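Trainee: this is a predicted model, with the sequence first.
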Amino acid sequence: MGTILIALADPTRRLLLDTLVEEGLASATTLAARLPVSRQAVAKHLIVLEDAGLVTGRRAGREVLYRISPEPLNESADWLAELAGRWERRLTAIKRAAEEGSP
């Protein structure tokens with residue numbers, strides 16, 4: 001989970017993921033043309049995303065085409081939703097205790 005959250009922490013990597021959602025399949029060159037960063041920077045960000053399991057790449061001739069790998073995103077969303085639910089229950093209990101203790 002840590003590598004996924006670290007990968008998602010960077011706004012450029014989130015923008016890459018958004019772009020891949022729109023494109024479906026894209027090379028680092030195609031992605032760099034749509035973003036305000038160099039192809040080399042995109043390639044480095046893609047390595048981080050690939051290491052976190054958020055994208056997969058496959059060779060197509062001289063290029064590597066990347067696509068979203070949704071499973072880690074789904075697992076992260078599930079974990080965050082469960083964490084949010086626990087916090088909500090704690091806050092509800094605190095609110096209830098405060099209201100019951102009021103004169």
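Mentor: Thanks, I have it.
Trainee: do you have the strands of this protein handy? List them.
Mentor: Defined through DSSP state E, the strands belonging to the chain, from first to last, are 26-27, 55-60, 63-68.
Trainee: the second one versus strand 63-68: what angle between them?
Mentor: By that I understand strand 55-60. If you take axes from the mean of the first three to the mean of the last three Cα atoms, to 10 degrees, strand 55-60 sits at 150 degrees to strand 63-68.
Trainee: now do strand 55-60: distance to the chain's middle.
Mentor: Strand 55-60 sits 18 Å away from the centroid of its parent chain (Cα atoms, centre = their mean, to the nearest Å).
Trainee: what helices and strands are in contact with it?
Mentor: Using 3 or more Cβ pairs under 8 Å, 6 or more residues apart in numbering; DSSP states H and E, the elements in contact with strand 55-60 are helix 11-23, helix 39-51, strand 63-68. All C-beta atoms are positioned from the backbone trio N, CA, C, and that covers glycine.
Trainee: list the neighbouring strands of it plus their orientation.
Mentor: The strands beside strand 55-60 in its sheet (DSSP bridges) come out as strand 63-68 (antiparallel).
Trainee: which stretches of the protein have low pLDDT?
Mentor: Scanning the chain for pLDDT under 70 picks out the ranges 102-103.
Trainee: go again using 90 as the cut-off
Mentor: By pLDDT under 90, the low-scoring segments of the chain are 1-3, 23, 36, 60, 70-77, 79, 95-103.
Trainee: which helix runs longest in it?
Mentor: helix 70-101 (DSSP state H).
Trainee: which residue packs closest to Trp79, ignoring adjacent ones?
Mentor: Here the nearest residue to Trp79 in space, its sequence neighbours aside, is Met1; by Cβ to Cβ, 6 or more residues apart in numbering that works out to 6.3 Å.
Trainee: the one you found touches Ala77, doesn't it?
Mentor: No. Here Met1 does not reach Ala77: they are 11.4 Å apart, not a contact under Cβ atoms under 8 Å.
Trainee: verify the stated contact: Leu15 with Ala32.
Mentor: No. The pair Leu15 and Ala32 does not pass the contact test of Cβ under 8 Å, sitting 11.5 Å apart.
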